[in-house]
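1. Quick one: sequence plus predicted model below, questions after.
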Amino acid sequence: MRFAHLSDSHLGHRQYGLLERENDFYDVFARNIDKIIEKDVDFVIHSGDLFDNNRPSTEALVAFQKALLRLNEAKIPIYAIAGNHDTILRKGAMPPQVLFRDIGLKLISPDRPYYQEGAVLICGLPYVANSQKSVLIDRYNQLSRLAEKSIKSILVSHQGIQKYMPDETAEIELSDLPKNFDYYAMGHIHNYIEEDYGKGKLVYPGSMEIWRANESNDNYRQFGKGFCVVDLSYDTPQVERVTIDLPREFYSEIIDYDKFHERLYRIKEEIRELDNKPMLDLTVVGGDFDSSKLYELIQETIGDDVLNLRPSFKPEKILKQEIELGKNKILDPRSLVYNQAKEEYGKDEVGRLSIDLLDNLSVNKIEEAKHFSDVFYKENYYDDEAKDDLDSTNESGSSSDSIGLDNVSGSSSDSIGLDNVSGSSSDSIGLDNVSGSSSADNSDLIHNDDNEENNSNNLDEYLNRNLEDSSKKDVEKGSNMKKTKEISLDNF
Ligand SMILES: [Mn+2]
(Lines give C-alpha, C1' and ligand atoms only; values in the text may rest on other atoms or scores of the structure.)
Protein backbone atom coordinates (compact mmCIF):
# COMPACT_ATOMS: atom_id res chain seq x y z
CA MET A 1 0.00 0.00 0.00
CA ARG A 2 1.73 3.15 -1.24
CA PHE A 3 0.47 6.69 -1.14
CA ALA A 4 1.66 10.19 -1.96
CA HIS A 5 1.60 12.83 0.78
CA LEU A 6 1.64 16.50 -0.18
CA SER A 7 0.66 19.74 1.48
CA ASP A 8 0.54 23.53 1.39
CA SER A 9 0.21 24.05 -2.35
CA HIS A 10 -1.35 27.51 -1.82
CA LEU A 11 -2.98 27.61 -5.26
CA GLY A 12 -3.85 31.17 -6.18
CA HIS A 13 -1.05 32.77 -4.22
CA ARG A 14 0.05 35.80 -6.20
CA GLN A 15 3.37 36.48 -4.55
CA TYR A 16 4.22 40.21 -4.45
CA GLY A 17 1.22 40.74 -6.74
CA LEU A 18 3.01 39.02 -9.64
CA LEU A 19 0.93 37.02 -12.09
CA GLU A 20 4.08 35.11 -13.02
CA ARG A 21 4.36 33.87 -9.46
CA GLU A 22 0.74 32.81 -9.36
CA ASN A 23 1.38 30.79 -12.51
CA ASP A 24 4.52 29.29 -10.97
CA PHE A 25 2.39 27.83 -8.20
CA TYR A 26 -0.03 26.28 -10.72
CA ASP A 27 2.84 24.95 -12.79
CA VAL A 28 4.55 23.34 -9.82
CA PHE A 29 1.31 21.81 -8.61
CA ALA A 30 0.61 20.27 -12.02
CA ARG A 31 4.12 18.82 -12.16
CA ASN A 32 3.75 17.34 -8.67
CA ILE A 33 0.56 15.63 -9.88
CA ASP A 34 2.37 14.36 -13.03
CA LYS A 35 5.01 12.81 -10.83
CA ILE A 36 2.47 11.31 -8.44
CA ILE A 37 0.70 9.61 -11.33
CA GLU A 38 4.03 8.40 -12.66
CA LYS A 39 4.78 6.92 -9.22
CA ASP A 40 1.60 4.86 -9.52
CA VAL A 41 0.51 5.25 -5.91
CA ASP A 42 -2.73 3.82 -4.46
CA PHE A 43 -3.99 7.13 -3.11
CA VAL A 44 -3.01 10.72 -2.30
CA ILE A 45 -3.26 12.72 0.93
CA HIS A 46 -3.22 16.52 0.94
CA SER A 47 -2.87 17.96 4.43
CA GLY A 48 -4.25 21.47 4.01
CA ASP A 49 -3.73 24.89 2.42
CA LEU A 50 -4.59 23.49 -0.97
CA PHE A 51 -5.76 27.01 -1.84
CA ASP A 52 -4.11 30.19 -0.66
CA ASN A 53 -7.39 31.62 0.55
CA ASN A 54 -10.97 30.63 1.16
CA ARG A 55 -12.28 32.36 -1.96
CA PRO A 56 -9.99 31.00 -4.62
CA SER A 57 -9.97 32.61 -8.05
CA THR A 58 -11.41 30.65 -10.95
CA GLU A 59 -7.83 30.06 -12.09
CA ALA A 60 -6.95 28.42 -8.79
CA LEU A 61 -10.10 26.30 -8.83
CA VAL A 62 -9.41 25.19 -12.39
CA ALA A 63 -5.81 24.32 -11.50
CA PHE A 64 -7.10 21.93 -8.88
CA GLN A 65 -9.95 20.65 -11.04
CA LYS A 66 -7.48 19.67 -13.76
CA ALA A 67 -5.33 17.82 -11.24
CA LEU A 68 -8.32 16.04 -9.74
CA LEU A 69 -9.62 14.92 -13.14
CA ARG A 70 -6.21 13.55 -14.03
CA LEU A 71 -6.02 11.66 -10.73
CA ASN A 72 -9.52 10.32 -11.39
CA GLU A 73 -8.44 9.13 -14.79
CA ALA A 74 -5.48 7.36 -13.19
CA LYS A 75 -7.90 5.92 -10.61
CA ILE A 76 -6.01 7.48 -7.71
CA PRO A 77 -8.29 8.81 -4.95
CA ILE A 78 -7.29 11.99 -3.13
CA TYR A 79 -8.07 12.73 0.54
CA ALA A 80 -7.80 16.26 1.88
CA ILE A 81 -8.31 18.41 4.95
CA ALA A 82 -8.67 22.18 5.06
CA GLY A 83 -5.79 24.24 6.37
CA ASN A 84 -5.88 27.63 8.06
CA HIS A 85 -5.83 29.31 4.65
CA ASP A 86 -8.57 27.61 2.75
CA THR A 87 -11.63 27.31 4.93
CA ILE A 88 -14.62 29.51 5.61
CA LEU A 89 -16.41 30.39 8.81
CA ARG A 90 -19.48 32.39 7.87
CA LYS A 91 -22.97 31.09 8.33
CA GLY A 92 -24.31 29.60 5.13
CA ALA A 93 -20.99 29.64 3.31
CA MET A 94 -19.25 26.59 1.93
CA PRO A 95 -15.54 25.95 1.81
CA PRO A 96 -14.18 25.79 -1.74
CA GLN A 97 -13.30 22.12 -1.44
CA VAL A 98 -17.01 21.29 -1.50
CA LEU A 99 -17.01 22.05 -5.22
CA PHE A 100 -14.96 18.94 -5.80
CA ARG A 101 -16.65 16.38 -3.59
CA ASP A 102 -18.95 15.16 -6.33
CA ILE A 103 -16.06 14.70 -8.69
CA GLY A 104 -13.98 12.61 -6.36
CA LEU A 105 -12.33 14.72 -3.66
CA LYS A 106 -12.57 12.88 -0.35
CA LEU A 107 -12.80 15.70 2.14
CA ILE A 108 -11.92 14.84 5.74
CA SER A 109 -14.03 17.13 7.91
CA PRO A 110 -15.85 17.16 11.25
CA ASP A 111 -18.81 15.72 9.33
CA ARG A 112 -16.73 12.99 7.86
CA PRO A 113 -13.65 12.45 10.06
CA TYR A 114 -12.38 9.21 8.58
CA TYR A 115 -12.32 6.92 5.56
CA GLN A 116 -11.27 3.35 5.09
CA GLU A 117 -8.94 2.68 2.17
CA GLY A 118 -8.45 -1.08 2.12
CA ALA A 119 -6.82 -1.96 5.43
CA VAL A 120 -5.82 1.64 6.05
CA LEU A 121 -7.79 4.05 8.22
CA ILE A 122 -7.38 7.63 7.03
CA CYS A 123 -8.66 10.09 9.59
CA GLY A 124 -8.10 13.65 10.65
CA LEU A 125 -9.53 17.11 11.04
CA PRO A 126 -9.13 20.61 9.64
CA TYR A 127 -6.94 23.26 11.23
CA VAL A 128 -7.84 24.16 14.82
CA ALA A 129 -6.99 27.57 16.28
CA ASN A 130 -4.76 28.21 19.24
CA SER A 131 -7.53 28.98 21.72
CA GLN A 132 -9.25 25.69 20.84
CA LYS A 133 -6.32 23.56 21.87
CA SER A 134 -8.32 21.42 24.29
CA VAL A 135 -10.80 20.62 21.51
CA LEU A 136 -7.95 19.58 19.30
CA ILE A 137 -6.45 17.28 21.92
CA ASP A 138 -9.86 15.67 22.54
CA ARG A 139 -10.26 15.05 18.86
CA TYR A 140 -6.80 13.53 18.55
CA ASN A 141 -7.61 11.16 21.39
CA GLN A 142 -10.93 10.17 19.85
CA LEU A 143 -9.29 9.48 16.52
CA SER A 144 -6.55 7.58 18.31
CA ARG A 145 -9.14 5.21 19.79
CA LEU A 146 -10.44 4.65 16.29
CA ALA A 147 -6.93 3.84 15.12
CA GLU A 148 -6.61 1.16 17.80
CA LYS A 149 -9.13 -0.88 15.89
CA SER A 150 -7.33 -0.56 12.58
CA ILE A 151 -4.57 -2.56 11.00
CA LYS A 152 -2.90 0.54 9.61
CA SER A 153 -3.79 4.13 10.37
CA ILE A 154 -2.96 7.62 9.15
CA LEU A 155 -3.69 10.85 11.03
CA VAL A 156 -4.06 13.93 8.81
CA SER A 157 -3.66 17.27 10.59
CA HIS A 158 -2.77 20.87 9.80
CA GLN A 159 -1.11 22.30 12.91
CA GLY A 160 2.14 23.82 14.09
CA ILE A 161 4.25 21.74 16.45
CA GLN A 162 6.32 23.72 18.93
CA LYS A 163 9.49 21.77 18.28
CA TYR A 164 9.64 22.91 14.67
CA MET A 165 8.41 26.49 15.02
CA PRO A 166 10.49 29.60 15.55
CA ASP A 167 8.17 31.17 18.11
CA GLU A 168 6.19 29.80 20.99
CA THR A 169 2.78 30.22 19.41
CA ALA A 170 2.46 26.76 17.90
CA GLU A 171 -0.81 25.09 18.77
CA ILE A 172 0.66 21.83 20.01
CA GLU A 173 3.66 20.07 21.50
CA LEU A 174 4.93 16.98 19.72
CA SER A 175 3.83 14.88 22.70
CA ASP A 176 0.22 16.07 22.29
CA LEU A 177 -0.06 13.75 19.32
CA PRO A 178 -1.31 10.23 20.10
CA LYS A 179 1.37 7.61 19.60
CA ASN A 180 -0.48 4.80 17.91
CA PHE A 181 -0.73 5.95 14.30
CA ASP A 182 1.48 4.48 11.62
CA TYR A 183 1.79 7.78 9.81
CA TYR A 184 1.25 11.43 10.76
CA ALA A 185 0.42 13.33 7.57
CA MET A 186 1.07 16.88 8.75
CA GLY A 187 0.62 20.23 7.07
CA HIS A 188 1.20 23.91 8.02
CA ILE A 189 4.96 24.09 8.44
CA HIS A 190 6.53 24.93 5.10
CA ASN A 191 9.88 23.24 5.71
CA TYR A 192 10.35 19.53 5.07
CA ILE A 193 10.31 17.52 8.30
CA GLU A 194 10.51 13.77 8.69
CA GLU A 195 10.78 12.12 12.07
CA ASP A 196 10.11 8.85 13.87
CA TYR A 197 7.19 9.26 16.22
CA GLY A 198 5.45 6.60 18.31
CA LYS A 199 5.51 3.46 16.24
CA GLY A 200 5.43 5.36 12.97
CA LYS A 201 6.60 8.35 10.97
CA LEU A 202 5.67 12.00 11.19
CA VAL A 203 6.13 14.05 8.05
CA TYR A 204 5.60 17.63 6.97
CA PRO A 205 6.14 17.55 3.20
CA GLY A 206 6.44 21.36 3.34
CA SER A 207 5.16 23.90 0.86
CA MET A 208 5.34 23.09 -2.86
CA GLU A 209 6.78 26.47 -3.82
CA ILE A 210 8.62 29.26 -2.02
CA TRP A 211 5.58 30.90 -0.40
CA ARG A 212 7.58 33.39 1.66
CA ALA A 213 11.10 34.55 0.93
CA ASN A 214 12.57 32.86 3.98
CA GLU A 215 11.49 29.47 2.67
CA SER A 216 14.42 29.77 0.34
CA ASN A 217 16.57 28.46 3.17
CA ASP A 218 18.90 25.63 4.18
CA ASN A 219 15.98 23.23 4.58
CA TYR A 220 14.98 23.91 0.96
CA ARG A 221 18.54 23.47 -0.25
CA GLN A 222 18.79 20.15 1.58
CA PHE A 223 15.37 18.63 0.90
CA GLY A 224 13.97 20.59 -2.05
CA LYS A 225 10.27 21.13 -2.61
CA GLY A 226 7.88 18.34 -3.52
CA PHE A 227 6.05 15.49 -1.82
CA CYS A 228 6.61 12.06 -0.27
CA VAL A 229 5.78 8.57 -1.35
CA VAL A 230 5.03 6.42 1.67
CA ASP A 231 4.96 2.64 1.68
CA LEU A 232 2.86 1.22 4.51
CA SER A 233 3.64 -2.43 3.86
CA TYR A 234 6.56 -2.44 6.30
CA ASP A 235 6.38 -2.38 10.11
CA THR A 236 7.61 1.19 10.01
CA PRO A 237 6.49 3.18 6.96
CA GLN A 238 9.15 3.74 4.33
CA VAL A 239 9.27 7.38 3.27
CA GLU A 240 10.72 8.45 -0.06
CA ARG A 241 11.19 12.18 -0.66
CA VAL A 242 10.37 13.20 -4.24
CA THR A 243 11.49 16.65 -5.28
CA ILE A 244 10.10 18.77 -8.08
CA ASP A 245 12.25 21.53 -9.56
CA LEU A 246 10.85 25.00 -9.08
CA PRO A 247 10.33 27.17 -12.15
CA ARG A 248 12.71 29.89 -10.98
CA GLU A 249 15.50 30.57 -8.54
CA PHE A 250 14.71 32.49 -5.42
CA TYR A 251 17.62 34.45 -3.97
CA SER A 252 16.92 35.28 -0.36
CA GLU A 253 20.13 36.48 1.23
CA ILE A 254 21.47 38.60 4.04
CA ILE A 255 24.70 40.16 2.89
CA ASP A 256 27.25 42.14 4.89
CA TYR A 257 27.74 45.56 3.38
CA ASP A 258 31.48 45.12 2.99
CA LYS A 259 30.92 42.00 0.85
CA PHE A 260 27.93 43.41 -0.94
CA HIS A 261 29.45 44.67 -4.19
CA GLU A 262 31.32 41.45 -4.79
CA ARG A 263 28.17 39.42 -4.16
CA LEU A 264 26.03 41.63 -6.37
CA TYR A 265 28.32 41.11 -9.37
CA ARG A 266 28.45 37.37 -8.74
CA ILE A 267 24.66 37.25 -8.69
CA LYS A 268 24.67 39.14 -11.97
CA GLU A 269 26.86 36.40 -13.47
CA GLU A 270 24.77 33.60 -12.00
CA ILE A 271 21.44 34.85 -13.23
CA ARG A 272 22.75 35.16 -16.76
CA GLU A 273 22.69 31.35 -16.88
CA LEU A 274 19.08 31.00 -15.81
CA ASP A 275 16.14 30.20 -18.08
CA ASN A 276 13.63 32.19 -16.06
CA LYS A 277 14.07 35.48 -14.27
CA PRO A 278 14.75 34.80 -10.59
CA MET A 279 13.19 36.34 -7.51
CA LEU A 280 15.54 38.47 -5.46
CA ASP A 281 15.12 39.26 -1.79
CA LEU A 282 18.33 40.78 -0.47
CA THR A 283 19.05 42.40 2.86
CA VAL A 284 22.20 44.45 3.18
CA VAL A 285 23.42 44.74 6.75
CA GLY A 286 26.10 46.67 8.64
CA GLY A 287 28.30 49.53 7.52
CA ASP A 288 27.35 53.08 6.85
CA PHE A 289 25.69 53.69 3.51
CA ASP A 290 23.04 55.63 1.68
CA SER A 291 20.17 53.24 1.08
CA SER A 292 18.73 55.02 -1.94
CA LYS A 293 22.12 55.05 -3.70
CA LEU A 294 22.54 51.34 -3.00
CA TYR A 295 19.07 50.67 -4.33
CA GLU A 296 19.91 52.50 -7.55
CA LEU A 297 23.07 50.46 -7.94
CA ILE A 298 21.18 47.17 -7.54
CA GLN A 299 18.51 48.34 -9.96
CA GLU A 300 21.07 49.34 -12.57
CA THR A 301 23.13 46.18 -12.21
CA ILE A 302 20.49 43.48 -12.25
CA GLY A 303 17.08 45.21 -12.23
CA ASP A 304 16.17 44.08 -15.76
CA ASP A 305 17.24 40.50 -15.19
CA VAL A 306 15.12 39.66 -12.15
CA LEU A 307 11.37 39.27 -11.76
CA ASN A 308 11.20 41.09 -8.48
CA LEU A 309 13.70 43.20 -6.59
CA ARG A 310 13.14 43.31 -2.86
CA PRO A 311 16.16 44.84 -1.21
CA SER A 312 16.07 45.88 2.43
CA PHE A 313 18.77 47.87 4.12
CA LYS A 314 19.95 47.70 7.67
CA PRO A 315 23.00 49.88 8.12
CA GLU A 316 24.89 49.75 11.38
CA LYS A 317 22.77 52.36 13.17
CA ILE A 318 19.55 50.43 12.47
CA LEU A 319 21.14 47.12 13.46
CA LYS A 320 22.04 48.67 16.83
CA GLN A 321 18.46 49.73 17.39
CA GLU A 322 17.28 46.22 16.60
CA ILE A 323 19.69 44.72 19.11
CA GLU A 324 18.29 47.07 21.75
CA LEU A 325 14.76 46.05 20.84
CA GLY A 326 15.82 42.43 21.09
CA LYS A 327 17.18 43.00 24.59
CA ASN A 328 13.83 44.34 25.66
CA LYS A 329 12.22 41.25 24.25
CA ILE A 330 10.09 43.30 21.93
CA LEU A 331 10.18 40.77 19.16
CA ASP A 332 7.14 39.13 17.81
CA PRO A 333 3.80 40.66 18.79
CA ARG A 334 2.14 37.25 18.94
CA SER A 335 4.71 35.90 21.37
CA LEU A 336 4.56 39.10 23.33
CA VAL A 337 0.81 39.13 23.77
CA TYR A 338 0.78 35.40 24.49
CA ASN A 339 3.38 35.64 27.22
CA GLN A 340 1.87 38.70 28.80
CA ALA A 341 -1.65 37.27 28.94
CA LYS A 342 -0.39 33.95 30.20
CA GLU A 343 1.61 35.61 32.95
CA GLU A 344 -1.16 37.99 33.92
CA TYR A 345 -3.87 35.34 34.21
CA GLY A 346 -1.69 32.36 35.04
CA LYS A 347 -3.35 30.33 32.32
CA ASP A 348 -1.99 29.02 29.06
CA GLU A 349 -5.49 29.10 27.51
CA VAL A 350 -5.76 32.84 28.06
CA GLY A 351 -2.46 33.29 26.26
CA ARG A 352 -3.76 31.23 23.36
CA LEU A 353 -7.00 33.18 23.23
CA SER A 354 -5.01 36.39 23.13
CA ILE A 355 -3.24 35.22 19.98
CA ASP A 356 -6.54 34.54 18.22
CA LEU A 357 -7.83 37.92 19.35
CA LEU A 358 -4.70 39.70 18.18
CA ASP A 359 -4.81 38.01 14.76
CA ASN A 360 -8.42 39.05 14.27
CA LEU A 361 -8.72 42.41 15.97
CA SER A 362 -5.56 43.70 14.32
CA VAL A 363 -7.32 43.34 10.96
CA ASN A 364 -10.66 44.61 12.24
CA LYS A 365 -12.35 41.21 12.30
CA ILE A 366 -14.65 42.01 15.19
CA GLU A 367 -17.20 39.23 14.64
CA GLU A 368 -14.50 36.60 14.51
CA ALA A 369 -12.85 37.85 17.68
CA LYS A 370 -16.23 37.79 19.35
CA HIS A 371 -16.70 34.20 18.26
CA PHE A 372 -13.44 33.14 19.85
CA SER A 373 -14.30 35.00 23.04
CA ASP A 374 -17.74 33.39 23.21
CA VAL A 375 -16.41 29.90 22.69
CA PHE A 376 -13.67 30.48 25.21
CA TYR A 377 -16.06 31.90 27.79
CA LYS A 378 -18.49 29.07 27.29
CA GLU A 379 -15.77 26.51 27.59
CA ASN A 380 -14.06 27.92 30.65
CA TYR A 381 -16.47 29.95 32.72
CA TYR A 382 -19.96 28.53 32.43
CA ASP A 383 -20.89 25.96 35.03
CA ASP A 384 -22.49 22.80 33.70
CA GLU A 385 -26.03 23.97 34.34
CA ALA A 386 -25.52 27.16 32.43
CA LYS A 387 -23.89 25.16 29.67
CA ASP A 388 -27.01 23.02 29.41
CA ASP A 389 -29.17 26.13 29.24
CA LEU A 390 -27.05 27.52 26.52
CA ASP A 391 -27.11 24.28 24.60
CA SER A 392 -30.85 23.96 24.79
CA THR A 393 -31.24 27.30 23.09
CA ASN A 394 -28.82 26.34 20.38
CA GLU A 395 -30.80 26.32 17.17
CA SER A 396 -28.83 23.49 15.69
CA GLY A 397 -30.05 21.36 18.57
CA SER A 398 -26.65 19.86 19.14
CA SER A 399 -25.96 19.28 22.77
CA SER A 400 -23.05 19.68 25.12
CA ASP A 401 -20.58 17.94 22.90
CA SER A 402 -20.64 21.03 20.76
CA ILE A 403 -17.17 22.05 21.77
CA GLY A 404 -15.98 18.73 20.51
CA LEU A 405 -17.44 18.53 17.08
CA ASP A 406 -18.61 21.93 16.13
CA ASN A 407 -15.98 24.30 17.16
CA VAL A 408 -13.10 23.31 15.04
CA SER A 409 -12.25 26.82 14.18
CA GLY A 410 -9.71 29.47 14.05
CA SER A 411 -6.93 31.29 12.43
CA SER A 412 -3.36 32.18 12.85
CA SER A 413 -0.44 33.18 10.77
CA ASP A 414 1.13 30.51 8.70
CA SER A 415 3.57 28.48 10.63
CA ILE A 416 7.00 29.46 9.57
CA GLY A 417 6.19 32.82 10.98
CA LEU A 418 7.58 34.74 8.11
CA ASP A 419 5.02 37.42 8.38
CA ASN A 420 5.90 38.46 11.83
CA VAL A 421 6.43 42.14 12.07
CA SER A 422 9.24 41.65 14.49
CA GLY A 423 9.85 45.19 15.51
CA SER A 424 12.21 45.41 12.60
CA SER A 425 13.15 48.77 11.37
CA SER A 426 14.69 47.92 8.07
CA ASP A 427 15.15 50.82 5.79
CA SER A 428 13.06 49.77 2.87
CA ILE A 429 12.90 51.12 -0.58
CA GLY A 430 10.69 50.05 -3.39
CA LEU A 431 6.99 49.46 -3.69
CA ASP A 432 7.13 45.83 -2.75
CA ASN A 433 9.06 46.38 0.31
CA VAL A 434 6.47 46.97 2.96
CA SER A 435 7.75 44.61 5.59
CA GLY A 436 5.19 42.26 6.99
CA SER A 437 2.76 43.27 4.29
CA SER A 438 1.33 39.87 3.57
CA SER A 439 -2.37 39.57 3.87
CA ALA A 440 -2.78 35.86 3.87
CA ASP A 441 -6.37 34.99 4.33
CA ASN A 442 -6.65 32.68 7.27
CA SER A 443 -9.80 31.03 8.15
CA ASP A 444 -11.36 27.84 9.16
CA LEU A 445 -14.53 25.93 9.37
CA ILE A 446 -17.19 25.65 11.99
CA HIS A 447 -19.82 23.05 11.53
CA ASN A 448 -23.17 23.18 13.17
CA ASP A 449 -23.89 19.57 12.72
CA ASP A 450 -27.54 18.90 12.51
CA ASN A 451 -27.57 15.40 11.16
CA GLU A 452 -28.54 12.51 13.36
CA GLU A 453 -25.15 10.92 13.62
CA ASN A 454 -23.54 13.99 14.99
CA ASN A 455 -26.21 14.72 17.54
CA SER A 456 -24.88 11.95 19.69
CA ASN A 457 -23.32 13.17 22.88
CA ASN A 458 -20.69 10.57 22.53
CA LEU A 459 -18.40 11.08 19.59
CA ASP A 460 -16.76 7.74 20.24
CA GLU A 461 -20.04 5.97 19.73
CA TYR A 462 -20.63 7.97 16.62
CA LEU A 463 -17.23 7.23 15.23
CA ASN A 464 -17.40 3.56 16.12
CA ARG A 465 -20.84 3.09 14.71
CA ASN A 466 -19.84 4.66 11.48
CA LEU A 467 -16.65 2.70 11.25
CA GLU A 468 -18.64 -0.51 11.42
CA ASP A 469 -21.12 0.80 8.91
CA SER A 470 -18.68 2.43 6.62
CA SER A 471 -18.64 -0.31 4.03
CA LYS A 472 -22.42 -0.24 3.75
CA LYS A 473 -23.18 3.37 3.97
CA ASP A 474 -21.86 6.69 2.83
CA VAL A 475 -21.99 9.01 5.81
CA GLU A 476 -20.90 12.00 3.88
CA LYS A 477 -23.55 14.65 4.26
CA GLY A 478 -23.48 17.25 1.57
CA SER A 479 -26.50 18.91 3.14
CA ASN A 480 -24.51 19.77 6.24
CA MET A 481 -22.76 22.42 4.33
CA LYS A 482 -25.87 24.56 4.53
CA LYS A 483 -25.15 25.02 8.18
CA THR A 484 -21.54 26.05 8.01
CA LYS A 485 -20.56 29.40 9.37
CA GLU A 486 -17.90 31.44 7.79
CA ILE A 487 -15.42 33.80 9.22
CA SER A 488 -12.91 35.17 6.83
CA LEU A 489 -9.73 36.11 8.60
CA ASP A 490 -7.00 38.28 7.25
CA ASN A 491 -3.63 37.71 8.69
CA PHE A 492 -1.56 40.68 9.64
MN1 LIG B 1 0.52 26.82 4.54
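-> Everything's here; your move.
2. give the contact list for residue 246.
-> Shown in contact with residue 246 (Cβ atoms under 8 Å, 6 or more residues apart in numbering): 24, 28, 209, 210, 225. Every C-beta, even on glycine, is put in place using the N, C-alpha and C of the backbone.
3. Between those, which sits nearest the ion?
-> Relative to the ion, the closest of the contacts of residue 246 is residue 209; by Cβ to the ion it sits at 10.8 Å.
4. show me the residues around that closest one that make contact.
-> Neighbour list for residue 209: 9, 10, 13, 24, 25, 28, 225, 246 [criterion: Cβ under 8 Å, 6+ apart].
5. sec struct for it, please.
-> coil (DSSP: H, G, I helix; E, B strand; the rest coil).
6. Relative to residue 163, how far out is it?
-> 24 Å (Cβ to Cβ, to the nearest Å).
7. and if you look at residue 47?
-> 17 Å.
8. same deal with residue 40?
-> Relative to residue 163, and taking Cβ to Cβ, residue 40 is found at 34 Å.
9. Repeat that for residue 13.
-> 26 Å.
10. Quick check, central residue of the protein?
-> residue 188 (3.1 Å; Cα atoms, centre = their mean).
11. Now do the contacts for that residue.
-> Contacts of residue 188 by Cβ under 8 Å, 6+ apart are 7-8, 47-49, 83-84, 127, 158-160, 204, 414-415.
12. Just the element for residue 184, please.
-> strand 183-187 (DSSP states H and E).
13. Could you check the helix or strand following that strand and say which residues are buried?
-> As assigned by DSSP H and E, the chain's next helix or strand after strand 183-187 is strand 193-197. Neighbour-count burial for strand 193-197 flags 193, 197 (criterion: 16 or more other Cβ atoms under 10 Å).
14. Neighbouring strands of strand 193-197 in the sheet, and parallel or not?
-> Strand 193-197 sits in its sheet next to strand 200-204 (antiparallel), going by DSSP bridges.
15. List the contacts of the next helix or strand after the partner strand.
-> Counting by DSSP H and E, the next helix or strand C-terminal to strand 200-204 is helix 218-223. The contact list for helix 218-223 (Cβ under 8 Å, 6+ apart) reads 191, 192, 206, 210, 241, 243.
16. one more time with 7 Å
-> For helix 218-223, the external contacting residues (Cβ atoms under 7 Å, 6 or more residues apart in numbering) are 191, 192, 241.
17. Just among those residues, which is most surrounded?
-> Using other Cβ atoms under 10 Å as the neighbour test, the contacts of helix 218-223 are led by residue 192, with 21 neighbours.
18. How much space separates the closest residue in space to it that isn't next to it in sequence from residue 295?
-> The spatially closest residue to residue 192, leaving aside those adjacent along the chain, is residue 223, at 3.8 Å (Cβ to Cβ, 6 or more residues apart in numbering). Relative to residue 295, residue 223 is positioned 33 Å away (Cβ to Cβ).
19. neighbours of the residue nearest to residue 231 when sequence neighbours are not counted, just the number please.
-> Of all residues not flanking residue 231 in the chain, residue 238 sits nearest, at 4.3 Å (Cβ to Cβ, 6+ apart). Using other Cβ under 10 Å, residue 238 has 13 neighbouring residues.
20. Likewise for residue 235?
-> When neighbours are counted by other Cβ under 10 Å, residue 235 comes out with 9.
21. In terms of helices and strands, where is it?
-> Applying DSSP H and E, one finds residue 235 in no helix or strand.
22. Run the chain-centre distance for stretch 293-311.
-> Distance, stretch centre to chain centre, for stretch 293-311: 32 Å (Cα atoms, centre = their mean, to the nearest Å).
23. Identify the residues contacting it?
-> With contacts defined as Cβ under 7 Å, 6+ apart, stretch 293-311 is touched by 16, 18, 20, 248, 264, 267-268, 271, 277-282, 284, 313, 429-430, 432-433.
24. ok and the residue in the stretch 251-400 of the chain nearest the ion?
-> Counting by Cβ to the ion, the stretch 251-400 of the chain gets nearest the ion through residue 359, at 14.9 Å.
25. ok, now how distant is that residue from residue 365?
-> In terms of Cβ to Cβ, residue 359 sits 8 Å off from residue 365.
26. what's the pLDDT at residue 10?
-> In this model, residue 10 is scored at 97, pLDDT.
27. I'd like to know how far it sits from residue 84.
-> 11 Å.
28. Have a look at those two and say which one is more surrounded.
-> residue 84 (32 against 27).
29. Looks to me like residue 41 is in a helix.
-> No - if the criterion is three-state DSSP, then residue 41 is coil and not within a helix.
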